[in-house]
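A.B. asks: model this:
(chains A, B, C and D)
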Number of protein chains: 2
Amino acid sequence: MDQRRVRRRQQLLDAAIRVMQRTGYHEMSMQALAEEAGVSVGLAYRYFAGKEDVLLAAILAILDALRADLPVAAESGSTASERLASAFGAYVRVIDRYRDAVLLTYRESATLSTEGRVQIKRLEVQTAGPLAVLVRAGIASGEFVDCDVELAVHDMVLLAHGWALKHWLFARERTLEQYIESQSRHVLRALGAPVNSTSPEQRSETGR
Amino acid sequence: MDQRRVRRRQQLLDAAIRVMQRTGYHEMSMQALAEEAGVSVGLAYRYFAGKEDVLLAAILAILDALRADLPVAAESGSTASERLASAFGAYVRVIDRYRDAVLLTYRESATLSTEGRVQIKRLEVQTAGPLAVLVRAGIASGEFVDCDVELAVHDMVLLAHGWALKHWLFARERTLEQYIESQSRHVLRALGAPVNSTSPEQRSETGR
DNA sequence: ATCTAGTGAATGAAGGTTCATTTATGGCCG
DNA sequence: CGGCCATAAATGAACCTTCATTCACTAGAT
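C.D. replies: The predicted structure is shown next:
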């Protein structure tokens, strides 16, 4: 029976992610992981080669979940601006949902071996693919200025991650939707798109 | 003699930063730190309360170097755009100099105690101060559009950090100066400033 | 003589990994 | 059906390494 192995592995991974979000990778003992999963220590070693293997699997699982949730929203809207804003918004909302997991990724991926990091990088570039398509389309149609696409795209990715990385700062006086709204405007302006002030322009945000 | 204590402390901090860049905080043993600094283990404990204290001191040292280097660069240029571009460039150059250390900040600050983290956050916000001043000035003079200043500033900070965070990606086909050039243009455009194409506009960067 | 800087072996706790052992699963035959 | 066995799943105490931290001690300066 293979169902069993798959479920067990998932169970272990879920537990690992839970513990690591609570305490971080290094302070997670294999004993704690086992207890959280409700199994014995030895069993964990039948499913993972060692502690670092758990970390790699957990991070990959997170990134994969992220990627699976992503490219859906690139459809709505007629202009490139609208579509890009929509996709960017979707991206940030997913980040928000996985906020702690994203932080985990940034914190711990340096711990991994080279091959592990390579896998992660590949996934991240892949994830940004849909955004790149939209930016290129916008440039082709003349809606955006001709610029360094890779840079523009990963700037967006970075700002999306920023919601997780700098949550302590950004979320102090902004809701998620306000963040998306402001950043979208900012990003589109950076691409040279005429920003539609159809949405209520923010008032008096200059005051600190 | 107080000179001696200051020098010793610096010597230990430098060693700590070197080891941590090589291996990360958790895998740095106090024994390794002592050896790198060329002193005994016991001495390290005469200068730091414990291992975590070393980490905090190292991170604070980095941020302090940033804070010292920055405001100087915010002076050159006549328009707000020029001054902002100059300051932003300086920021990125400093990040480049301390690249691994910046990564360290992102990686390990979660390890610290609450008070340690608070100190770091305060310093980081402080560091961005000069940028905020310039942005506000630009808005006041009508050079930039009226937008969420805090967000705009920390976007710049994030993009500067991006040079360290995504170095594996960005530096593949860009030099530091090209990165600064492109990002400056991007950032200024986002602020609604007329981007001066006096500098050689990038050619064919659309091609992947 | 006293005080501070500096040493590094000793200590004890923590936790990753192993493995001898027990328990569950499921197919097979009488 | 029901006992029987082979195989896999699961257990967790014990092992062993790795450090963070301490402290009894030496050397040099005042």
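
A.B. asks: helix or strand right after the lengthiest helix in chain A?
C.D. replies: If you go by DSSP state H, chain A has its longest helix at helix A:114-140. As assigned by DSSP states H and E, the chain's next helix or strand after helix A:114-140 is helix A:149-165.

A.B. asks: so is that following helix next to chain B?
C.D. replies: Yes. Taking CB under 8 Å from any CB of the partner chain as the criterion, helix A:149-165 and chain B are in contact, through A:Val149, A:Glu150, A:Leu151, A:Ala152, A:His154, A:Asp155, A:Leu158, A:Leu159, A:Gly162, A:Leu165. C-betas here are computed from N, CA, C, even on glycine.

A.B. asks: for the helix or strand that comes right after that helix, packing partners?
C.D. replies: From helix A:149-165 onward toward the C-terminus, using DSSP H and E, the following helix or strand is helix A:167-170. Other elements packing on helix A:167-170 under the criterion 3 or more CB pairs under 8 Å, 6 or more residues apart in numbering or on different chains; DSSP states H and E are helix B:114-127, helix B:149-165.

A.B. asks: in the shortest one, what's buried?
C.D. replies: With burial defined by 16 or more other CB atoms under 10 Å in any protein chain shown, the residues of helix B:114-127 counted as buried are B:Gly116, B:Arg117, B:Gln119, B:Ile120, B:Leu123, B:Glu124, B:Thr127.

A.B. asks: also stretch A:126-143?
C.D. replies: Neighbour-count burial for stretch A:126-143, with 16+ other CB under 10 Å as criterion, is recorded at A:Thr127, A:Ala128, A:Pro130, A:Leu131, A:Ala132, A:Val133, A:Leu134, A:Val135, A:Arg136, A:Gly138, A:Ile139, A:Glu143.

A.B. asks: who touches it?
C.D. replies: With CB atoms under 8 Å, 6 or more residues apart in numbering or on different chains as the contact definition, stretch A:126-143 has outside contacts at A:63, A:66-67, A:70-71, A:74, A:79-81, A:83-84, A:87-88, A:91, A:144-147, A:149-150, A:152-154, A:156-157, A:191, A:193, B:206.

A.B. asks: could you do stretch A:164-181 as well?
C.D. replies: Counting contacts by CB under 8 Å, 6+ apart, the residues outside stretch A:164-181 that touch it are A:88-89, A:92-93, A:95-96, A:98-100, A:102-103, A:106, A:162-163, A:182, A:199, A:202, B:106, B:121, B:125, B:150-151, B:154, B:158.

A.B. asks: buried ones among the residues you listed?
C.D. replies: Burial by neighbour count, judged by 16+ other CB under 10 Å, picks out A:88-89, A:92-93, A:95-96, A:98-100, A:102-103, A:106, A:162-163, A:182, A:202, B:106, B:150-151, B:154, B:158 from those.

A.B. asks: so where's chain A uncertain?
C.D. replies: A:1, A:71-75, A:196-208 (pLDDT under 70).

A.B. asks: could you rerun that using 50?
C.D. replies: Confidence mapping of chain A against pLDDT under 50 gives the ranges A:198-208.

A.B. asks: and the residue nearest to the spatial centre of chain A, what element?
C.D. replies: For chain A, A:Ile95 is the residue whose C-alpha lies nearest the centre (CA atoms, centre = their mean; 4.5 Å). Counting by DSSP H and E, the secondary-structure element that holds A:Ile95 is helix A:80-97.

A.B. asks: now do the helix or strand following that helix against helix A:80-97, angle only.
C.D. replies: Note on helix A:80-97: by DSSP H and E, the next helix or strand toward the C-terminus is helix A:99-108. Taking axes from the mean of the first three to the mean of the last three CA atoms, to 10 degrees, one finds that helix A:99-108 is oriented at 80 degrees with respect to helix A:80-97.

A.B. asks: tabulate the residues of helix A:149-165 next to chain B (JSON lines), appending distance to A:Ile59.
C.D. replies: Rendered in JSON lines, the data for the residues of helix A:149-165 next to chain B read as follows (distance: CB to CB, whole Å):
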{"residue": "A:Val149", "distance to A:Ile59": "27"}
{"residue": "A:Glu150", "distance to A:Ile59": "23"}
{"residue": "A:Leu151", "distance to A:Ile59": "25"}
{"residue": "A:Ala152", "distance to A:Ile59": "26"}
{"residue": "A:His154", "distance to A:Ile59": "19"}
{"residue": "A:Asp155", "distance to A:Ile59": "23"}
{"residue": "A:Leu158", "distance to A:Ile59": "18"}
{"residue": "A:Leu159", "distance to A:Ile59": "21"}
{"residue": "A:Gly162", "distance to A:Ile59": "19"}
{"residue": "A:Leu165", "distance to A:Ile59": "16"}
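
A.B. asks: give me the neighbour count for the closest residue to DNA strand D within chain A.
C.D. replies: With CB to the nearest atom of the strand as the measure, the residue in chain A that lies nearest DNA strand D is A:Gly42; the distance is 1.9 Å. Neighbour count of A:Gly42, defined by other CB atoms under 10 Å in any protein chain shown: 9.
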